[in-house]
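K.L.:
Quick one, what's the 3D model for this:
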Amino acid sequence: MRWFHAVLLTVLVAGSPAQPPVFKSGVESIEVDVVVTDRQGHVVRDLAKNDFQISEDGKRQEVTTFALVDIPLETSDRSSDRGQAIEPDVATNEHVIEGRAYVLLIDDLNMESQAVDRAKEAAKQFIERLGANDLMAVVHTGGTDAASQTFTSNRPRLLAAVDRTTAQGLQAATAVRNENALMSAGRDTGDTFDLERAANAQITLRVLRDVSNWFATVHGRRKAILFMSRGIDYPMTLENRPDQPNRPTDAVLNAAQEAIDAAMRSNVGIYAIDPGGLRSDDDIAKEVFVSPRDQNMGTRGAQRESEMKQDSLRRLSEETGGAAAVSRNDLATAFDKIVADSSTYYVLAYPAPNNKRDGKFHKISVQVNRPRVAIRARSGYRSPSGTAPAAPALDAAGPSRELRDALASPMPAGGLAMRVALAPFRGTAPNASVLMTEDLRGGDLKLIAADTLELSHVAVDPTGKVRAGSNDRLQLTALKPETRAQIERSGLRVFNRLALPPGRYTVRIGAHEVDGGTVGSVAYELDVPDFSAAPLTLSGLVLTSLATGRMEVAKADAQMKDVLPAPPIAVRTFPRSDQIWLFAEIYDNAGNTPHAVTIGTTVTSTTGTVVYKTSAEHPSSEFTGTHGIFRYRARVPLNDLEPGAYVLSVEARTRLGPPGHDETARQQVLIEVTK
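P.N.:
Predicted structure coming up:
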């Protein structure tokens with residue numbers, strides 16, 4: 001099972017999304033996104049609820065919820081793209097602003113090698129268009145799960161996932177038939193890879209179906225799947241079936257219908273994008289055996305195959321309220337359209353009729369009291385059949401249903417604002433010990449007389465496997481008035497640890513005030529290094545300051561208690577009057593050979609100017625333990641720094657190697673200095 005589906009099952013999603021949606025989900029109401037444009041293609045923004053009429057199966061429905069979503073086309077803050085693509089080490093849901101939500105589904109399973117580079121380039125062009133609040137996930141139909149990327153706004157991670165795309169497509173069916181005809185003097189005109197081609201098409205369509213189902217957990221915003229594909233090699237409508245239907249064709253047709261049904265049911269628009277550009281039939285039909293009686297041969301067959309693939313992309317798009325971009329070399333206009341569709345649209349919801357598990361297709365029709373406008377919306381949905389599955393049983397020792405929902409939703413929940421910083425340290429082999437600093441905004445807590453705060457943490461690897469998790473229930477009862485005032489004023493800080501082996505993870509952190517009812521969640525993209533893989537390695541950085549560190553601590557970390565003058569913080573903005581204290585561990589794996597390690601701290605401006613620097617040399621005798629550990633502390637004054645963004649770096653270097661080949665380890669954190 002692929003990661004995007006496995007995550008939901010592992011976390012035991014129980015129905016509704018964690019972030020309170022604008023519209024109800026499930027069997028309670030039907031949600032429909034509607035894009036309305038005038039004859040010039042410009043979005044119409046001035047329609048009211050009474051301007052819309054919506055029908056299901058020909059029966060007028062009452063629109064109970066209505067909203068115009070109009071997301072600005074802002075540009076992203078590219079501070080994380082500077083220099084060596086430094087990623088922010090803090091995740092937050094403090095400003096959960098409506099953004100666009102995309103899944104980029106790259107159909108590498110049906111993509112030939114000559115189209116891969118164009119697909120990568122096209123995908124990167126779209127990623128560069130993402131706004132500051134947009135989220136995207138990257139999925140490959142045929143690649144390993146490790147090549148994919150869960151929802152993030154981090155461009156470097158998205159671009160890295162695109163770069164992992166590989167071509168796995170088969171030779172074009174017409175070309176195979178032509179080659180067989182030439183080799184057999186016309187006796188064999190079949191497609192040698194027919195069964196494999198059909199299997200690949202089914203896999204692709206099932207992945208598209210599963211992504212749509214996974215996307216159903218997102219509500220209150222338009223959802224778009226960018227399906228980057230050369231097209232499906234089989235007819236996807238009954239009209240285009242061969243005169244003698246065969247089982248592979250029927251199986252592909254069924255898989256296509258399941259994918260469309262899932263997208264319609266989840267209110268997901270599919271935007272099919274052919275990265276191959278303008279097709280030339282001669283590319284696969286040149287100097288081939290041509291049979292005047294066989295439509296699958298020669299130039300005629302190549303043209304028919306090309307049209308069939310393009311038609312498959314159009315059908316997937318048009319039936320789900322999206323649009324297809326085929327036979328074009330310049331995709332900029334198509335990308336503008338996708339962004340526009342996801343930026344300004346109307347969302348309507350109406351009570352679900354009492355037939356939602358009849359297994360039938362229900363046609364949705366939307367009309368507007370405005371002449372000369374174009375309307376795009378999903379054409380309907382197919383309801384599930386049979387008895388609804390029972391909600392997973394709750395484990396008394398596990399998180400509440402509200403917190404499970406928060407962890408399962410790919411979108412952050414902003415009811416309880418939090419900032420989270422994760423720093424991996426060497427732990428008990430083979431695991432690292434990941435320190436989690438969680439700052440909760442006190443103003444979001446009700447802090448009633450008998451209150452409980454539950455926190456849950458789930459670390460999922462790229463294959464969808466949960467590798468670590470924890471649940472806490474902190475009692476916030478009988479608080480002293482001064483403690484309550486401190487929490488309301490500055491917040492509540494909690495520390496936790498996860499044991500994780502080296503690897504790449506998405507760590508979801510959720511908090512729920514049981515009696516107050518507020519829920520918050522964030523997702524953190526974490527890379528855990530192998531601290532024994534190199535002669536010199538460095539832990540994550542832990543920061544604090546006396547000005548920003550004043551927060552009530554509900555759960556302390558024993559290992560951090562004595563290394564800093566105040567508890568670690570998840571704040572990265574500091575006034576000039578403040579000073580930063582930092583802590584890190586340097587791991588020296590060079591053995592017993594006496595040597596020295598130079599350790600230093602620098603602060604660099606966005607233009608690359610070093611504005612602060614300090615360093616010192618430490619002999620290997622100062623490193624303790626079997627694998628030498630040096631506990632590094634430093635104080636960084638900020639009074640001489642102008643307000644602005646900076647990169648705080650800690651670097652360790654040893655000259656054990658040959659001249660010019662120093663061993664170096666470095667960690668960097670983005671900070672901001674204010675007046």
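
K.L.:
quick one, strands of the stretch 301-450 of the chain?
P.N.:
Counting by DSSP state E, counting those that start in this stretch, the stretch 301-450 of the chain has strands at residues 344-351, 361-368, 374-376, 380-382, 413-414, 418-426, 432-440.

K.L.:
can these go into JSON lines with extra columns for mean neighbour count, mean pLDDT and distance to S532?
P.N.:
For the C-beta atoms, the positions are set from N, CA and C on the backbone; glycine is no exception. As requested, those are exported to JSON lines (neighbours: other CB atoms under 10 Å; pLDDT from 0 to 100; distance: least, CB to CB, whole Å):
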{"stretch": "strand 344-351", "mean neighbour count": "22", "mean pLDDT": "92", "distance to S532": "52"}
{"stretch": "strand 361-368", "mean neighbour count": "16", "mean pLDDT": "94", "distance to S532": "57"}
{"stretch": "strand 374-376", "mean neighbour count": "16", "mean pLDDT": "91", "distance to S532": "55"}
{"stretch": "strand 380-382", "mean neighbour count": "20", "mean pLDDT": "87", "distance to S532": "53"}
{"stretch": "strand 413-414", "mean neighbour count": "24", "mean pLDDT": "86", "distance to S532": "37"}
{"stretch": "strand 418-426", "mean neighbour count": "23", "mean pLDDT": "97", "distance to S532": "8"}
{"stretch": "strand 432-440", "mean neighbour count": "23", "mean pLDDT": "96", "distance to S532": "10"}
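
K.L.:
Mind putting those into a markdown table with distance to S539?
P.N.:
Compiled in a markdown table, these are given as follows (distance: least, CB to CB, whole Å):
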| stretch | distance to S539 |
| --- | --- |
| strand 344-351 | 46 |
| strand 361-368 | 54 |
| strand 374-376 | 51 |
| strand 380-382 | 50 |
| strand 413-414 | 30 |
| strand 418-426 | 4 |
| strand 432-440 | 9 |
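
K.L.:
So which residues make contact with stretch 375-386?
P.N.:
Counting contacts by CB atoms under 8 Å, 6 or more residues apart in numbering, the residues outside stretch 375-386 that touch it are 30, 32-37, 56, 261, 263-265, 267, 269, 319-321, 323, 341, 355-364, 366-368.

K.L.:
which ones among those residues are found in helices?
P.N.:
Using DSSP state H, the subset of those located in helices is 261, 263-265, 341.

K.L.:
quick revisit: now list the buried members of the contacts of stretch 375-386.
P.N.:
When neighbours are counted using 16 or more other CB atoms under 10 Å, the contacts of stretch 375-386 contain these buried positions: 30, 32-37, 56, 261, 263-265, 267, 269, 319-321, 323, 341, 356, 362, 364, 366, 368.

K.L.:
which residues touch the closest residue to K223 other than its chain neighbours?
P.N.:
Taking CB to CB, 6 or more residues apart in numbering, and ignoring the residues beside it in sequence, K223 has V268 as its nearest neighbour in space, at 4.7 Å. Taking CB under 8 Å, 6+ apart, we find V268 in contact with 212, 215-216, 223-225, 262, 320.

K.L.:
what do you get if the cut-off is 10 Å, keeping everything else the same?
P.N.:
For V268, the contacting residues are 33, 101, 103, 208, 211-216, 218, 222-225, 262, 320-322, 378, by CB atoms under 10 Å, 6 or more residues apart in numbering.

K.L.:
can you check S649 too?
P.N.:
S649 makes contact with 86, 541, 600-604, 610, 613, 666-669, according to CB under 10 Å, 6+ apart.

K.L.:
Mark which of those are buried, thanks.
P.N.:
Members of those that pass the buried threshold by neighbour count (16+ other CB under 10 Å) are listed as 86, 541, 600-604, 667-669.

K.L.:
Would you format those as a markdown table with distance to R484, secondary structure and pLDDT included?
P.N.:
Supplementary listing: the buried ones among the contacts of S649 in a markdown table, determined by distance: CB to CB, whole Å; DSSP: H, G, I helix; E, B strand; the rest coil; pLDDT from 0 to 100:
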| residue | distance to R484 | secondary structure | pLDDT |
| --- | --- | --- | --- |
| I86 | 38 | coil | 79 |
| L541 | 32 | coil | 97 |
| G600 | 43 | strand | 97 |
| T601 | 38 | strand | 98 |
| T602 | 41 | strand | 97 |
| V603 | 37 | strand | 97 |
| T604 | 41 | strand | 96 |
| Q667 | 37 | strand | 96 |
| Q668 | 38 | strand | 96 |
| V669 | 32 | strand | 96 |
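
K.L.:
Looking at those, which one is closest to E617?
P.N.:
Of all the buried ones among the contacts of S649, G600 has the smallest distance to E617: 9.5 Å, by CB to CB.

K.L.:
if I look at the closest one, how far off is L582?
P.N.:
Using CB to CB, to the nearest Å, one obtains 12 Å as the distance from G600 to L582.

K.L.:
Overlap in contacts, these two.
P.N.:
Counting by CB under 10 Å, 6+ apart, the shared contacts of G600 and L582 are 632, 634, 650.

K.L.:
between the residues you listed, which is nearest V90?
P.N.:
Closest to V90 out of the shared contacts of G600 and L582 is V650 (16.7 Å), distances taken as CB to CB.

K.L.:
Name whatever forms a beta bridge with that closest one.
P.N.:
The bridge-partner assignment for V650, based on DSSP bridges, gives T601, Q667.

K.L.:
right, and it touches K613 too?
P.N.:
No. Counting by CB atoms under 10 Å, V650 does not reach K613; the two are 11.6 Å apart.

K.L.:
so what's in contact with these two at the same time?
P.N.:
Here V650 and K613 share the contacting residues 600-602, scored by CB under 10 Å, 6+ apart.

K.L.:
State the distance from the residue nearest the centre of the chain to E128.
P.N.:
The centroid of the chain falls nearest to F151 when counting by CA atoms, centre = their mean (0.9 Å). Taking CB to CB as the measure, F151 and E128 are separated by 18 Å.
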